[in-house]
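S.K.: please find the sequence and the predicted model below.
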Amino acid sequence: MRDSLNLHPTMKSLYSPKNHTGISYLFTLFKRLVLVFIVLLISRVAFYLYNGYLFPETGWYDMPLIFRGGIRFDLSALFYMNGLYLILALLPFPFIFSRSCQILLKILYLLINSAGFFFQLFDFIYFRTTLRRIDFSFFREFANEKNIANIFLKALQDYPVFLMVWIGLIFLLWFCYGRTHYQVQQPFTLRFFFSRLLTLLLASVITTISIRGGTDRTTRPITMSNAAAYVSEPLEMGLVLNTPFCILRTFGKPSVERLDFFPSEEELNRVYSPEHRRDTISPAGRDIQPAMNVVILILESFSREYSGYLNPGAYTSHTPFLDSLMVHSLACSKAYANGRKSIDAVPSVLGSIPSLEQSFALTPFALNRVEGLGNALKKLGYNTAFFHGAPNGSLGMDGMSRHFGFDSYYGMNEFADRSHFDGYWGIWDEPFLQFFARTLDTFEEPFAAAVFTLSSHHPFIIPRRYEGVFPESSLPIQQCIRYSDNALRLFFDEASKSNWYENTLFVLVADHGAYSQVNPRYQSGVESMAIPIVYYDPSGRVVSGGQVYDQYTQQIDIMPTVLDMLDYPFDFFAFGRNIRDSLTIPFVVNYPALISIMREEKEKEPSNELFLNAFRQQYNNRLLDDNLYMGN
């Protein structure tokens, strides 16, 4: 009688190990993902062994850091490739265990991962040609190639071992996949539905975290440039990255088009060239002993709008200390940012590379070899460091700064006192700038150091002890600007007590501007990118105080200007110009909404249209050709 009332005599608990649609099913999914992850890890070792001649300075002692970064990118690639599969496999409905659904899931799993492994293996060879991982631009490059099938077949013919390995990997995935047939006896119950729904939500969270590369709220989805944080040489980023990640991460990203406005290099270089030859730099002939230190302060959201000094007649100033410093500095009254976002500032300021249609740091070209201010100064024996109070890895600052030659990185981990965490972005500016000053005291001279502030950022809060201290303002950000300006004052108070202070060139620059909510002057695309740029030399040896540079200038001018002030003896690469060079016309090129140029046209000089075409051609083609470095 009891059996006759049992409608599901073979149904087992969801938690029974013999119930293949319960815990056992979840464990099987986990094993399938682990298999893909292990193959990605092993392929990194194989890639290194196969292309070892490309990494002569890389030893096994470098591998722990490389693998640490590699695991981060492998997890991202794993869930980029298998996120859809995982979500479908965990749908909270019994029909997902039907034979047809399970076969479709297996096909999806095999197709996606087989494709990923094909390009991972293909890159063992192709990397030797480009010295960078394949990204989605690879498909754009060959989109119109009618003979692409034959090219692939030829490559497989020349390297049959890779075809054999790929086929072997497909078989491994198929063989280890496990069952696709389940006895569908699990009824649709609320318990089943909500338990599976909870599992699906948990899997979605894990997928999102893995794809983004972390759990910090400041962590944006990692990009290829983040790989620089785990290497000592740019080429080693190929060991940290994997090809499926690079392809999927750049999918849908705008490409850089090769331009040919000028038929010859000679003609192009006559109009504009980013190559700075020593004989074209102002021959001041200075012999500064000892070599001057360089300290660059990149100020979050310090639009020119907030400065009373740069806005004569303004009803109020939100940067009273910065204004007072400009009185004793070379202040630029027509300075502009070369990008819209914080992430654009580091390449512009430290590498003289602007972000135009797309953020340079978010493109595959961020892997190109670059000159960089830090790399240039290290040739003169400088020690270099970069400071950012956010969680280490935030915005990829650690990787970017190292790529431009700033070897040591100091972030929230190095600050080590989370009691000063603002709850959102990182350490409040005041304590972190004090930490910056104290740490500089420990550096051997000469040094070059940069710091990126963060407190003047949404959600626009200040420490409680400063609430009510600053004058009331119409916008929340203005209180934050006041706070960061005061933190700047306290930094200079502390730094001025140090032995290195008088022998230091300071550069202060905003990371980007903003479209003003209250000031009509800054309510246009161009003027919304207006920022302060200030050169301050306490000793007055290379910069006399009380000067205003009233010509056009931009973030990318900082590197060539600083190198000229230091009487840098070598040729170097920079898209910007030295503002003390009287032989060239000041200009600004940026991308407020469309490509824009500000430049005073002069008789017998190239027109603005011609100059802009030359700049764009140099920029695009040099990015494509990995030609952002002169070397000496």
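M.R.: Nice, thanks for sending it over.

S.K.: C-alpha from now on. contacts and neighbour counts both.
M.R.: Noted.

S.K.: thought Gly178 was touching Phe27?
M.R.: No - here Gly178 does not reach Phe27: they are 11.0 Å apart, not a contact under CA atoms under 8 Å.

S.K.: who's more crowded, those two?
M.R.: Comparing Gly178 with Phe27 by other CA atoms under 10 Å, the one with more neighbours is Gly178, at 14 against 11.

S.K.: and that one, which helix or strand is it part of?
M.R.: Assessed by DSSP states H and E, Gly178 sits outside every helix and strand.

S.K.: grab the nearest non-local neighbour of it.
M.R.: Closest residue in space to Gly178, ignoring its immediate chain neighbours: Thr28 at 7.3 Å, by CA to CA, 6 or more residues apart in numbering.

S.K.: so for the one you found, what's the pLDDT?
M.R.: pLDDT, Thr28: 89.

S.K.: now swap in Trp166 and tell me
M.R.: For Trp166, pLDDT reads 94.

S.K.: likewise for Cys332?
M.R.: Reported pLDDT at Cys332 in the predicted model: 97.

S.K.: just checking, it touches Ala530?
M.R.: No - using CA under 8 Å, Cys332 is not in contact with Ala530, being 10.6 Å away.

S.K.: that older thread, now do the residue nearest to Gly178 against Gly52, distance only.
M.R.: 36 Å (CA to CA, to the nearest Å).

S.K.: again, but for Met81
M.R.: Applying CA to CA to Met81 and Gly52 gives a distance of 28 Å.

S.K.: quick one, which of Thr28 and Gly52 is more surrounded?
M.R.: Neighbour totals were compared for Thr28 and Gly52, and Thr28 leads with 17 against 13 (other CA under 10 Å).

S.K.: point out where the chain drops to low pLDDT.
M.R.: 1-22, 137, 140-151, 154, 182-188, 216-220, 253-255, 279-290, 593, 631-632 (pLDDT under 70).

S.K.: could you list the domains of it?
M.R.: Domain assignment of the chain by automatic domain parsing yields the ranges 20-249, 289-624.

S.K.: TSV for the ones you listed, including distance to Leu259?
M.R.: Compiled in TSV, the domains of the chain are given as follows (distance: least, CA to CA, whole Å):
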stretch	distance to Leu259
domain 20-249	14
domain 289-624	5
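
S.K.: looking at these, which one is packed in the most?
M.R.: Of all those, domain 289-624 has the most neighbours on average by mean count of other CA atoms under 10 Å, namely a mean of 20.

S.K.: how far off centre is that one?
M.R.: Distance, stretch centre to chain centre, for domain 289-624: 16 Å (CA atoms, centre = their mean, to the nearest Å).

S.K.: circling back to that earlier point, out of the domains of the chain, which is closest to Phe261?
M.R.: domain 289-624 (6.5 Å; CA to CA).

S.K.: how about the helices in the stretch 201-350 of the chain?
M.R.: 237-240, 243-249, 265-271, 320-326, 342-351 (DSSP state H, counting those that start in this stretch).

S.K.: could those helices be laid out in a markdown table, adding distance to Phe117?
M.R.: Below are those laid out as a markdown table (distance: least, CA to CA, whole Å):
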| stretch | distance to Phe117 |
| --- | --- |
| helix 237-240 | 16 |
| helix 243-249 | 8 |
| helix 265-271 | 40 |
| helix 320-326 | 54 |
| helix 342-351 | 31 |
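
S.K.: for these, which one sits closest to Glu600?
M.R.: helix 265-271 (14.7 Å).

S.K.: packing partners for that closest one?
M.R.: Under the contact criterion of 3 or more CA pairs under 8 Å, 6 or more residues apart in numbering; DSSP states H and E, helix 265-271 touches helix 608-624.

S.K.: which strands and helices sit next to the helix it packs on?
M.R.: Checking 3+ CA pairs under 8 Å, 6+ apart, helix 608-624 ends up next to helix 265-271, strand 596-599.

S.K.: just put those in CSV and tack on distance to Gln554.
M.R.: Listed next are the helices and strands packed on helix 608-624 as CSV, based on distance: least, CA to CA, whole Å:
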stretch, distance to Gln554
helix 265-271, 19
strand 596-599, 10
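
S.K.: of these, which is nearest Lys341?
M.R.: strand 596-599 (16.8 Å).

S.K.: quick one: contacts for Ser210?
M.R.: Remark: with contacts taken as CA atoms under 8 Å, 6 or more residues apart in numbering, Ser210 is in contact with Arg72, Leu75, Ser76, Phe79.

S.K.: try it again at 7 Å.
M.R.: Residues in contact with Ser210 (CA atoms under 7 Å, 6 or more residues apart in numbering) are Leu75, Ser76, Phe79.

S.K.: surely the second one is in a strand?
M.R.: Yep, that's Ser76 we're talking about. No - read with DSSP: H, G, I helix; E, B strand; the rest coil, Ser76 is helix and lies in no strand.

S.K.: what segments of the stretch 351-500 of the chain are strands?
M.R.: 383-388, 408-410, 447-452 (DSSP state E, counting those that start in this stretch).

S.K.: JSON lines for the ones you listed, including distance to Pro476?
M.R.: Listed next are the strands of the stretch 351-500 of the chain as JSON lines, based on distance: least, CA to CA, whole Å:
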{"stretch": "strand 383-388", "distance to Pro476": "23"}
{"stretch": "strand 408-410", "distance to Pro476": "29"}
{"stretch": "strand 447-452", "distance to Pro476": "21"}
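
S.K.: Val327 is nearest to which of those?
M.R.: Nearest of the strands of the stretch 351-500 of the chain (CA to CA): strand 447-452, 22.4 Å.

S.K.: let's see that closest one as CSV, backbone CA atoms only.
M.R.: In CSV, the C-alpha atoms belonging to strand 447-452 read as follows (Å, rounded to 0.1, in the frame of the first residue of the first chain):
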residue,chain,number,x,y,z
PHE,A,447,64.6,60.0,-7.6
ALA,A,448,61.5,60.5,-9.7
ALA,A,449,58.2,59.8,-7.9
ALA,A,450,54.5,60.3,-8.9
VAL,A,451,51.4,60.2,-6.7
PHE,A,452,47.8,60.0,-7.8
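
S.K.: angle of it against strand 383-388?
M.R.: 10 degrees (axes from the mean of the first three to the mean of the last three CA atoms, to 10 degrees).

S.K.: numbering from 12 from now on, please.
M.R.: I'll keep to 12 as the first residue from here, and by that count the last item is strand 458-463.

S.K.: what are the contacting residues of strand 458-463?
M.R.: Contacts for strand 458-463 (CA under 7 Å, 6+ apart): 304-310, 393-399.

S.K.: export those to TSV and tack on distance to Leu246?
M.R.: Output for those, formatted as TSV (distance: CA to CA, whole Å):
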residue	distance to Leu246
Asn304	29
Val305	28
Val306	28
Ile307	27
Leu308	29
Ile309	28
Leu310	31
Tyr393	23
Asn394	22
Thr395	20
Ala396	21
Phe397	21
Phe398	24
His399	25
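
S.K.: tell me the two of those that are most distant?
M.R.: Leu310 and Tyr393 (23.3 Å).
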